[in-house]
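A.B. asks: sharing a model prediction with you, sequence too.
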Amino acid sequence: MTVRVDFPADRPLAGMVHLDALPGAPCFDGDRAAVREAALRDARRLEAGGVDAVLVENFGDAPFHADSVPKHVVASMAALVREVVAEVDVPVGANVLRNDAEAAVSVAAAAGADFVRVNVHTGARLTDQGVVEGDAAETMRLRDHLDADVAVFADVDVKHSAALADRPLGEAVDELIERGLADGLVASGPGTGAGADLDHVRAVADARDDVDPDVPVFVGSGVTQETVGETLDAADGAIVGTALKAGGETTAPVDEDRVRALVAAKP
């Protein structure tokens with residue numbers, strides 16, 4: 001089953017809602033209501049600023065579980081994503097860090113969200129959580145089992161990680177689309193807020209064209225007001241977080257003026 005997201009623009013921008021630390025995480029400050037209000041505030045500001053989608057992520061939960069978060073994280077994420085879905089009129093996605101794809105699909109299905117981001121969908125990467133392995137077989141079977149109309153966007157070279165072995169890019173892209181059944185691809189820079197190499201993004205898009213040109217390629221980090229034009233010339237969309245925050249600080253609240261400025265700079 002191939003799932004396509006009905007974004008309201010041809011070259012969509014998805015803005016990040018970086019959740020504060022959830023209950024059970026080391027940095028949780030004990031105020032559940034504050035986590036909820038911050039998430040809804042950022043979602044409202046992103047939509048008002050003109051983004052085409054919102055992606056909710058448990059960014060504050062560091063240090064992250066590698067590939068299986070506790071049940072209370074799934075419960076908190078489902079509740080918060082559901083409220084964001086009710087708050088905005090653009091597509092909503094979920095990413096459960098570090099790489100709990102089954103949790104992300106479950107959260108999206110329960111909350112009525114439209115897509116998920118999976119950092120390691122096929123293959124394996126070396127991360128600060130150790131070796132993180134993709135499990136596309138279980139992720140896609142769960143989506144079918146839940147009868148969830150949820151698109152899976154998979155990273156090609158996920159940030160904050162390293163490859164375990166050199167592999168041809170075309171082989172990796174073919175594996176994600178043909179064998180992993182990913183509905184979209186994400187090409188990123190080396191870390192949060194770090195720009196992606198646009199030559200790499202173009203190479204990913206070219207490799208995608210050889211497999212299935214209908215699969216969108218998004219840039220997943222480092223997009224700014226200054227680079228959004230050339231980014232969307234190379235890719236089909238972008239996921240933006242840091243550049244939309246007050247002062248360009250990843251952990252700061254969303255700044256609606258910065259959102260409007262970046263959206264206005266789209267080609």
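C.D. replies: Looks like it came in fine.

A.B. asks: now the strands for this structure?
C.D. replies: Along the chain, counting by DSSP state E, strands occupy 13-18, 53-57, 92-95, 115-118, 124-127, 130-133, 151-157, 161-163, 184-187, 217-219, 237-240.

A.B. asks: how far out from the middle of the chain is the last one?
C.D. replies: Its chain's C-alpha centre lies 9 Å from the corresponding centre of strand 237-240 when counted by C-alpha atoms, centre = their mean, to the nearest Å.

A.B. asks: mean confidence for it?
C.D. replies: Strand 237-240 shows a mean pLDDT of 97.

A.B. asks: just the C-alpha atoms of it, please, in CSV.
C.D. replies: As requested, the backbone C-alpha atoms of strand 237-240 are provided in CSV (Å, rounded to 0.1, in the frame of the first residue of the first chain):
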residue,chain,number,x,y,z
GLY,A,237,9.8,19.6,0.2
ALA,A,238,11.6,20.4,3.5
ILE,A,239,11.2,19.8,7.2
VAL,A,240,12.3,22.9,9.1
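
A.B. asks: out of the strands of the chain, which is closest to residue 172?
C.D. replies: With respect to residue 172, and counting by C-beta to C-beta, the nearest of those is strand 151-157 at 6.2 Å. Where C-beta positions appear, they are placed from N, C-alpha and C, glycine not excepted.

A.B. asks: worst mean pLDDT among the strands of the chain?
C.D. replies: Averaging pLDDT over each of the strands of the chain puts strand 161-163 lowest, since it has a mean of 81.

A.B. asks: count the residues that sit near residue 29.
C.D. replies: The tally of other residues near residue 29 (other C-beta atoms under 10 Å) stands at 11.

A.B. asks: phi, psi for it please.
C.D. replies: Torsion angles at residue 29 (phi, psi; degrees, to the nearest 10) stand at phi -100, psi 10.

A.B. asks: is it in contact with residue 21, as I believe?
C.D. replies: Yes: using C-beta atoms under 8 Å, residue 29 is in contact with residue 21, at 7.1 Å.

A.B. asks: who touches the spatially most central residue of the chain in this structure?
C.D. replies: Geometric centre of the chain, nearest residue: residue 117, 4.1 Å, by C-alpha atoms, centre = their mean. Residues near residue 117 by C-beta atoms under 8 Å, 6 or more residues apart in numbering: 55, 57, 93, 94, 95, 104, 153, 154, 155, 186, 220, 239.

A.B. asks: what do you get for residue 182?
C.D. replies: Here residue 182 is in contact with 118, 121, 136, 152, 153, 154, 176, 215 (C-beta under 8 Å, 6+ apart).

A.B. asks: just to revisit the earlier point, figure out which of the strands of the chain is closest to residue 3.
C.D. replies: strand 151-157 (4.1 Å).

A.B. asks: just checking, what packs against the closest one?
C.D. replies: strand 115-118, helix 136-146, helix 169-174, strand 184-187 (3 or more C-beta pairs under 8 Å, 6 or more residues apart in numbering; DSSP states H and E).

A.B. asks: how far does the longest one sit from the chain's center?
C.D. replies: In terms of C-alpha atoms, centre = their mean, the centre of helix 136-146 is found 18 Å from the chain centre.

A.B. asks: where do the helices sit along the stretch 1-150 of the chain?
C.D. replies: Remark: helices assigned in the stretch 1-150 of the chain by DSSP state H, counting those that start in this stretch are 32-49, 71-87, 101-111, 136-146.

A.B. asks: how about stretch 143-158: buried residues?
C.D. replies: Within stretch 143-158, the residues that count as buried by 16 or more other C-beta atoms under 10 Å are 143, 148, 149, 150, 151, 152, 153, 154, 155, 156, 157, 158.
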